[in-house]
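**Q** Got a sequence here, can you build the structure:
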Amino acid sequence: MRRGLLVIAGLLLAAGTGWGQTSPPATDQTEKVKALLERIERLEKRVVELEAKQAVAAGPAPSATAAVEPKPEAQGAAAKPAPGHPAEMHGDQGAVAQQMEVHYPSLQIRGFADVDFSATDQSGKTSGFNMGQLVLHLASPLSKKVSYFGEVTLNAQTAGYGVEVERSIIRYDYNDYFKVSFGRYHTPVGYWNTAFHHGAWLQTTISRPEMVKFGGTFIPTHFVGFLVEGSIPSGGAGLGYSFGVGNGRSSIVSRAGDAGDGNNNRAWVANIFSRPARFYGLQFGASVYRDKITLTDGRSFREWITAAHVVWAKENPEILAEFANVHHRQVLTGLVANSQAFYVQLGYRLPWFEKTLKPYYRFEYIHTPLSEQILNSGDLVGSTLGLRYDISGYAAFKGEYRRTGRQSTDPSVNGLFLQTSFTF
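**A** Residues are numbered from 1 along each chain as shown. Below you'll find the predicted structure:
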């Protein structure tokens, strides 16, 4: 730039000389040359000032680049562009992009709770209110394909509250056809046990069917081990599967083998189902469960459970039906027992009152033969008639009348049950 100014000065001087041939006396030419030299000096000072400012502006450039391109260890965090950077003019878009970024881990918590009232004509039973379960669902992605899910319940007891880890699962999603996980599950036998988890708000009714009751013995509701699951390429048939190996029941038949199996024989479970694309909400499938049970008194039994279900999971109507057969054979004596259970539940959301009312009915049946030595459910014939009222998208009132007969010689029990359940 300085060379350009000197060239300009030379041209001005030459111009001044040319002008002198037709201009006034030499004294005037001398004054003009002096003025031109002063002007060149001012221009040189201006050039120095501009170069100094340019050097200051160029100095922090590396830090601006570092701000836009974070270090590898900070790639998960959003970077703020330096002042003057073009990205600064798109601040709104940058903020939206930052909100859409996924951070690992990213814990999300969902809660469920309910308050219940019951009154029956059963001898020795008192009526009144009781706190239902307080349930926390914990979910956190650990990477693009790895995630964790946990379910913890707080249960009201005579002295305080008991805490249970209902589910604790780490899962790797390779693709839609293959997902493998490890932990504590709800056993994938039938439909209800994996469709409706803890949190009474999730299900239409107040209670679960007796055959899949938490703390019951007919079907093992929990399973500890590993599970492989996914979709089966089948076009519109919508086939899916799950297969798992784990500990199964412990010596206390109503509980899973969280702290280890009761013997050296692992349980396994397989489930296959179809959700036809043509019929939204329809699902039907079959399950198989195999285990060896060793009781605290040393007796061992081979257990074989087969189950089937048909479900139309819509509000208009809702149809749920399951059947299961539990086969037990004592290892030492060869004594065999087959127990059967099923339920059918119907529901329909009424079109009035903004579709907040849903009446329902369920019939259930359980039969255990005299040769059965593990299950303590006994025979049962029960009917449940109820109404669900959704007071909001996150809370509901439920009312049920139940009539249950346990044994052929025992009188049936009638009861009124009320519940408010919600999620938060």
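**Q** make it CA atoms for all contacts and neighbour counts henceforth
**A** Fine.
**Q** Okay, helices next: where are they in this protein?
**A** 2-20, 26-58, 61-68, 91-100, 192-195 (DSSP state H).
**Q** just flag whichever of the ones you listed has the lowest average confidence.
**A** Ranked by mean pLDDT, these bottom out at helix 61-68, with a mean of 36.
**Q** could you list every residue that touches the residue nearest to W312 when sequence neighbours are not counted?
**A** If the residues on either side of it in the chain are set aside, W312 comes closest to L282, at 4.4 Å by CA to CA, 6 or more residues apart in numbering. Taking CA atoms under 8 Å, 6 or more residues apart in numbering, we find L282 in contact with 275-276, 310-313.
**Q** can you do 7 Å?
**A** 275-276, 311-313 (CA atoms under 7 Å, 6 or more residues apart in numbering).
**Q** just the strands in the stretch 51-200 of the chain please.
**A** Secondary structure of the stretch 51-200 of the chain (DSSP state E, counting those that start in this stretch): strands located at 108-120, 128-131, 134-141, 146-156, 161-175, 178-186.
**Q** for the stretch 301-424 of the chain, same thing?
**A** Taking DSSP E, counting those that start in this stretch as the criterion, the stretch 301-424 of the chain carries its strands at 318-330, 336-347, 357-367, 380-392, 395-405, 413-423.
**Q** How many neighbouring residues does the residue nearest to N376 when sequence neighbours are not counted have?
**A** Nearest non-adjacent residue to N376, counting by CA to CA, 6+ apart: T217, 6.8 Å away. By other CA atoms under 10 Å, 20 other residues sit near T217.
**Q** related to what we said a few turns ago, export the strands of the stretch 51-200 of the chain as TSV, with columns for mean pLDDT and distance to S207.
**A** TSV is the format used below for those (pLDDT from 0 to 100; distance: least, CA to CA, whole Å):
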stretch	mean pLDDT	distance to S207
strand 108-120	97	11
strand 128-131	95	14
strand 134-141	97	15
strand 146-156	97	15
strand 161-175	97	18
strand 178-186	97	17
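**Q** Just send those strands back as TSV, with mean neighbour count too.
**A** Converted to TSV, the strands of the stretch 51-200 of the chain look like this (neighbours: other CA atoms under 10 Å):
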stretch	mean neighbour count
strand 108-120	17
strand 128-131	13
strand 134-141	20
strand 146-156	19
strand 161-175	16
strand 178-186	20
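**Q** Identify whichever of these lies nearest to R362.
**A** Judged by CA to CA, the one of the strands of the stretch 51-200 of the chain that comes nearest to R362 is strand 108-120, at 18.2 Å.
**Q** what's the angle from the closest one to strand 146-156?
**A** 30 degrees (axes from the mean of the first three to the mean of the last three CA atoms, to 10 degrees).
**Q** distance between strand 108-120 and the chain's centre?
**A** 20 Å (CA atoms, centre = their mean, to the nearest Å).
**Q** what angle separates that strand from strand 413-423?
**A** Going by the same axes, to 10 degrees, strand 108-120 makes 160 degrees with strand 413-423.
**Q** What strands line up against strand 108-120, and which way round?
**A** strand 128-131 (antiparallel), strand 134-141 (antiparallel), strand 413-423 (antiparallel) (DSSP bridges).
**Q** Turn these into TSV, including distance to G393.
**A** Shown next, in TSV, are the strands paired with strand 108-120 (distance: least, CA to CA, whole Å):
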stretch	distance to G393
strand 128-131	22
strand 134-141	18
strand 413-423	9
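**Q** Roughly how far does V163 sit from G150?
**A** 13 Å (CA to CA, to the nearest Å).
**Q** now swap in T333 and tell me
**A** From T333 to G150 the distance is 41 Å (CA to CA).
**Q** Same question for L134.
**A** Counting by CA to CA - L134 and G150 are separated by 14 Å.
**Q** go on, N316?
**A** 32 Å.
**Q** Please apply the same query to S250.
**A** For S250 relative to G150 (CA to CA), the value is 21 Å.
**Q** could you list every residue that touches the closest residue to H198 other than its chain neighbours?
**A** Using CA to CA, 6+ apart and skipping the chain neighbours, the partner closest in space to H198 is V135 (6.7 Å). By CA under 7 Å, 6+ apart, the contact set of V135 is 111-113, 152-154, 198-199.
**Q** what about 8 Å?
**A** 111-113, 151-154, 198-199.
**Q** cool, and P359?
**A** By CA under 8 Å, 6+ apart, the neighbours of P359 are 347-350, 385-388.
**Q** Take those and, keeping just the buried ones, write it as a PyMOL select command.
**A** Per 16 or more other CA atoms under 10 Å, the buried members of the contacts of P359 correspond to this PyMOL selection:
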select buried, resi 347+348+349+385+386+387+388
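**Q** Quickly name whichever of the contacts of P359 is closest to E364.
**A** L385 (11.9 Å).
**Q** Return the member of the contacts of V135 nearest to Y174.
**A** Among the contacts of V135, and counting by CA to CA, the member closest to Y174 is E151, at 23.3 Å.
**Q** For that closest one, name its beta-bridge partners.
**A** With DSSP bridges as the rule, E151 is bridged to H137, R167.
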